[in-house]
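> from the sequence below, what's the structure:
(one chain, ligands or ions: 1)
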Amino acid sequence: MQSTYSPSVIETTPSFEVFILFQQLVQTKLGIHLSKQKRLMLGHRLSKRLLHTQNLTFDKYFQYINLPDNFQELEIALELITTNETFFFREQQHFDFLERVILPEQSRNKELKIWSAASSTGEEAYSIAMLLSDKYHAPWSISASDVNQSVLAHAQKGIYINDRAKQLPENYKKLYCSRGIDEFEGYIRVKPSLRERVKFFRFNLINPMDELEQFDVIFIRNVMIYFDDDTRQHIINSISRKLKPAGYMFISHSETLHGLQHNFEPIQPAVYQLKNSDKKVYKW
Ligand SMILES: C[S@@+](CC[C@H](N)C(=O)[O-])C[C@H]1O[C@@H](n2cnc3c(N)ncnc32)[C@H](O)[C@@H]1O
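All right, here's what the predicted structure looks like:
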């Protein structure tokens with residue numbers, strides 16, 4: 001028997017009014033701004049959940065995920081809305097800068113601490129780990145966080161389709177990954193010795209960062225592009241407090257700090273260094 005909520009045809013796109021409700025929810029929970037052009041995308045990503053929830057309409061689904069008992073479905077909806085595209089050694093210039101500039105200037109008796117602040121499925125954090133393991137012969141640690149629990153679970157497993165790991169140099173694949181066999185044919189897995197060097201945890205970038213430690217380098221790439229200016233300003237303020245003096249921040253080459261107030265020195269495209277420190281500021 002059909003539920004009283006079931007429409008005769010499954011909706012594929014929310015009405016404009018209902019889209020606004022989702023837009024506000026996503027803004028409040030994640031800081032992500034969904035422009036009006038994202039209405040079709042939202043419909044596409046959530047429509048499969050309508051089938052799972054008694055063929056609800058988008059309107060009813062919105063009410064459903066806002067009931068206290070249904071917080072898990074709310075999590076699922078929010079996870080479907082985030083964009084998790086990432087790959088190994090994305091934006092190679094950052095890894096070159098890390099190797100050529102940052103590593104040589106570190107004091108070798110202090111631990112180098114790096115945070116991948118929107119790590120998605122882990123390729124960014126493992127790329128950093130591979131580079132450090134290969135090139136940096138002093139203590140280091142990597143923290144990696146994301147708001148989306150599913151991508152974090154994927155990251156912790158460290159299993160990737162080989163075809164999607166094209167940017168990973170062959171020698172790094174050999175050194176740091178195992179090749180899958182039988183049902184894992186076509187997959188690679190980051191070796192446990194490297195996986196255990198990366199600490200993954202859940203963190204929403206719009207939340208206060210007081211509990212987090214300070215880092216020498218923060219990768220915050222391909223995430224601020226989804227936020228509005230107020231949220232970006234708030235996050236940039238928080239990030240600058242989480243960097244050690246003269247620490248570095250990497251944003252994506254498709255992002256900008258334009259229009260934001262900040263205390264960073266632009267070093268080269270998408271590389272910033274915290275100002276106002278006793279330490280020598282790197283000049284290109
Ligand atoms: C496109 S991926 C970027 C991955 C990686 N940094 C890169 O550049 O390849 C964006 C990630 O940001 C995460 N994200 C979105 N909003 C967030 C928030 N408020 N707090 C933390 N992570 C968030 C998403 O879950 C997604 O995994």
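
> separation between Pro266 and Thr256?
Distance, Pro266 to Thr256, by Cβ to Cβ, to the nearest Å: 10 Å. Backbone N, C-alpha and C define where each C-beta goes, glycine included.

> can you tell me the closest non-neighbouring residue to Lys29?
Counting by Cβ to Cβ, 6 or more residues apart in numbering, the nearest residue to Lys29 once its immediate chain neighbours are dropped is Leu78, at 5.8 Å.

> touching, that neighbour and Val26? I think so.
Yes. Using Cβ atoms under 8 Å, Leu78 is in contact with Val26, at 7.0 Å.

> dump the residue contacts of the residue lying closest to Met209 once chain neighbours are set aside.
Spatial nearest neighbour of Met209, excluding adjacent residues (Cβ to Cβ, 6+ apart): Ser238 at 4.5 Å. By Cβ atoms under 8 Å, 6 or more residues apart in numbering, the residues touching Ser238 are Leu205, Pro208, Met209.

> in a strand, the second one, correct?
To tie it back to what came earlier, the one meant is Pro208. No. Read with DSSP: H, G, I helix; E, B strand; the rest coil, Pro208 is coil and lies in no strand.

> how about Val217, what does it touch?
Val217 neighbours (Cβ under 8 Å, 6+ apart): Leu98, Ile102, Leu112, Lys113, Ile114, Trp115, Gly247, Tyr248, Met249, Phe250.

> PyMOL command to pick out the buried ones of those?
For the buried members of these, the matching PyMOL selection, counting by 16 or more other Cβ atoms under 10 Å, is:
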select buried, resi 98+102+112+113+114+115+247+248+249+250
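
> nearest to the ligand, of the contacts of Val217?
Closest approach between the contacts of Val217 and the ligand, by Cβ to the nearest ligand atom: Phe250, at 9.1 Å.

> let me know whether that closest one touches Pro269 as I believe.
No. Contact status for Phe250 versus Pro269: not in contact, 10.4 Å apart, counting by Cβ under 8 Å.

> how about the helices in the stretch 101-250 of the chain?
103-105, 123-135, 149-157, 170-176, 192-195, 229-241 (DSSP state H, counting those that start in this stretch).

> ok, which residues in the chain are in contact with the ligand?
30-32, 82-86, 90, 118, 120, 124, 146-148, 151, 204-206, 221-223, 252 (Cβ under 6 Å from any ligand atom).

> now list the buried members of the residues you listed.
Listed as buried from these are 30-32, 82, 86, 90, 118, 120, 124, 146-148, 151, 205-206, 221-223, 252; burial here means 16+ other Cβ under 10 Å.

> related to what we said a few turns ago, and the contacts of Ser238 as JSON lines, adding pLDDT?
Shown next, in JSON lines, are these (pLDDT from 0 to 100):
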{"residue": "Leu205", "pLDDT": "98"}
{"residue": "Pro208", "pLDDT": "97"}
{"residue": "Met209", "pLDDT": "97"}
